[in-house]
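In: sequence first, then the predicted structure, then my questions.
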Amino acid sequence: RAFQALFFLISLISVERPANVTLMRTSVEENIKIGRKIAEKLNMAKGPTVLMLPLNGISALDRPGQIFYGVAENTALFNELRANVNREVVEIQELHMHINDQAFAEAAAEKLISLLARKE
């Protein structure tokens, strides 16, 4: 279930799901565990690494008025990441955007381009 939640978290593309697919909103407790695991993995980075947090929602269904909108759940996840990510290894960027906003995608692409340019 944690893998499903992680996939759900990092998904940048909304797709229509078949009727036989069940989605579940992760709880505060689950998001704390997920945040710790993501931080643990990020802290193992050997090169330039950036964590971009879309503070206005992490999935197509995580918006005001949608069924998985969860301020408490997202706050728990983001707080756990802030507390456990080693800032000497990972840069954290907090963006007041939704993960599916074009501006978020553009910011992520620009950051990736800048990281790739550093390697040249």
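Out: Okay, I see it. Residues are numbered from 1 along each chain as shown.
In: list phi and psi for residue 55.
Out: Here is the backbone geometry of residue 55 (degrees, to the nearest 10): phi -70, psi -20.
In: now do the same contact list for it.
Out: 74, 78, 94-97 (C-beta atoms under 8 Å, 6 or more residues apart in numbering). Bear in mind the C-beta positions are built from the backbone N, C-alpha and C, glycine included.
In: per-residue pLDDT, it?
Out: With respect to pLDDT, residue 55 scores 95.
In: how long is stretch 45-59 end to end?
Out: Start and end residues of stretch 45-59 are separated by 25 Å (C-alpha to C-alpha, to the nearest Å).
In: and it, what's buried?
Out: Neighbour-count burial for stretch 45-59 flags 49, 51-54, 56-59 (criterion: 16 or more other C-beta atoms under 10 Å).
In: ok, back up a step: can I get the contacts of residue 55 in a markdown table including neighbour count?
Out: Shown next, in a markdown table, are those (neighbours: other C-beta atoms under 10 Å):
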| residue | neighbour count |
| --- | --- |
| 74 | 23 |
| 78 | 19 |
| 94 | 13 |
| 95 | 16 |
| 96 | 11 |
| 97 | 20 |
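In: pick the one among these closest to residue 42.
Out: The closest of the contacts of residue 55 to residue 42 turns out to be residue 78 (C-beta to C-beta; 13.5 Å).
In: still on that earlier bit, can you tell me which of the buried residues of stretch 45-59 is closest to residue 111?
Out: For the buried residues of stretch 45-59, the nearest to residue 111 is residue 52 (6.7 Å; C-beta to C-beta).
In: in contact with the closest one, which residues are there?
Out: Residues counted as contacts of residue 52 (C-beta under 8 Å, 6+ apart) are 93, 95, 104, 107-108, 111.
In: kindly state the beta-bridge partners for it.
Out: residue 93 (DSSP bridges).
In: so which of the contacts of residue 55 are in strands?
Out: By the criterion of DSSP state E, membership of the contacts of residue 55 in strands covers 94-95.
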